[in-house]
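Enquirer: Based on what follows, work out the 3D shape:
(one chain, ligands or ions: 1)
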Amino acid sequence: MSKYIRCPICEAVNLDTTSKITCRRCKQKIYHDKGYSYQQTLAYLITAMILFIPANLYPMLSTNTLGETTTNTIIGGVIVLWEHGSYPIALIILFASVFVPILKFIMISYLLVSAKYGRGSQRVDKQKLFYITEIIGPWSMIDVFVVAILASLVQLSIVQIEPGAATTAFAAMVFFTLLSALSFDTRLIWEKNR
Ligand SMILES: [Zn+2]
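Expert: Alright, predicted model coming up:
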């Protein structure tokens with residue numbers, strides 16, 4: 001057993017004693033392993049992936065113009081925005097709501113697979129990859145914000161915009177992706193000595 005152990009919260013190096021360890025800097029309890037970190041990450045990831053399906057199939061936005069209701073899915077909304085010439089917004093929504101979640105699914109899956117079956121190579125790259133997933137995570141929420149802002153701004157008597165069923169699924173998807181990244185113990189990257 002190694003003499004030192006890293007704090008998972010503030011990353012301070014602590015002396016590894018056999019009794020209960022609390023971080024000398026942030027007083028966080030330190031465990032030798034995060035228990036079911038791998039299983040938790042996997043479970044949250046699968047939940048997020050399942051939620052991604054209704055988030056894309058159901059309408060994100062329902063627009064009511066003079067009694068005529070049109071609904072739009074995420075992709076449908078992107079196409080409408082593109083056709084109206086709002087290219088930057090269309091690209092931002094396409095990137096944040098479709099590409100980023102898929103990218104995060106791939107990144108976390110890769111980290112999980114390499115933690116289990118990897119040969120322990122390119123660990124620094126994997127650590128960097130994990131930081132990227134943590135940083136870009138909350139940016140997926142941009143779509144929910146766009147819907148929320150649209151719904152509150154465009155409450156004219158002629159046009160009514162309401163969030164669709166996909167909004168809940170989408171927000172839950174982002175939430176579970178964040179949980180998935182959060183429950184991943186980065187020490188899983190480093191401890192494999194194969
Ligand atoms: Zn600490």
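
Enquirer: Could you pick out the longest helix of this structure?
Expert: helix 37-57 (DSSP state H).

Enquirer: Keeping just the C-alphas, turn that one into CSV.
Expert: Extracted in CSV, the C-alpha atoms of helix 37-57 (Å, rounded to 0.1, in the frame of the first residue of the first chain):
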residue,chain,number,x,y,z
SER,A,37,-17.6,4.5,-8.6
TYR,A,38,-17.4,2.5,-11.7
GLN,A,39,-20.9,1.0,-11.4
GLN,A,40,-22.4,4.4,-10.5
THR,A,41,-20.8,6.1,-13.5
LEU,A,42,-22.0,3.4,-15.8
ALA,A,43,-25.6,3.5,-14.3
TYR,A,44,-25.8,7.3,-14.7
LEU,A,45,-24.4,7.1,-18.2
ILE,A,46,-26.9,4.5,-19.3
THR,A,47,-29.8,6.6,-17.8
ALA,A,48,-28.5,9.7,-19.6
MET,A,49,-28.3,7.8,-22.9
ILE,A,50,-31.8,6.5,-22.5
LEU,A,51,-33.1,10.0,-21.8
PHE,A,52,-31.4,11.3,-24.9
ILE,A,53,-33.9,9.4,-27.0
PRO,A,54,-37.1,11.1,-25.8
ALA,A,55,-35.2,14.4,-25.6
ASN,A,56,-34.8,14.2,-29.4
LEU,A,57,-38.0,12.5,-30.3
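
Enquirer: quick one: contacts of it?
Expert: 73-75, 98, 101-102, 105, 108-109, 112, 115-116, 165-166, 169-170, 172-174, 176-177, 179-181, 183-185, 188 (CB atoms under 8 Å, 6 or more residues apart in numbering). For every residue, glycine as well, the C-beta is placed using N, CA and C.

Enquirer: now the helix or strand following that helix, how far from the centre of its chain.
Expert: Counting by DSSP states H and E, the next helix or strand C-terminal to helix 37-57 is strand 61-65. Remark: strand 61-65 is offset 28 Å from the chain centroid, using CA atoms, centre = their mean, to the nearest Å.

Enquirer: The protein against the ion: which residues are in contact?
Expert: Listed as neighbours of the ion in the chain under the rule CB under 5 Å from the ion: 7, 9, 10, 12, 23, 25, 26, 28.
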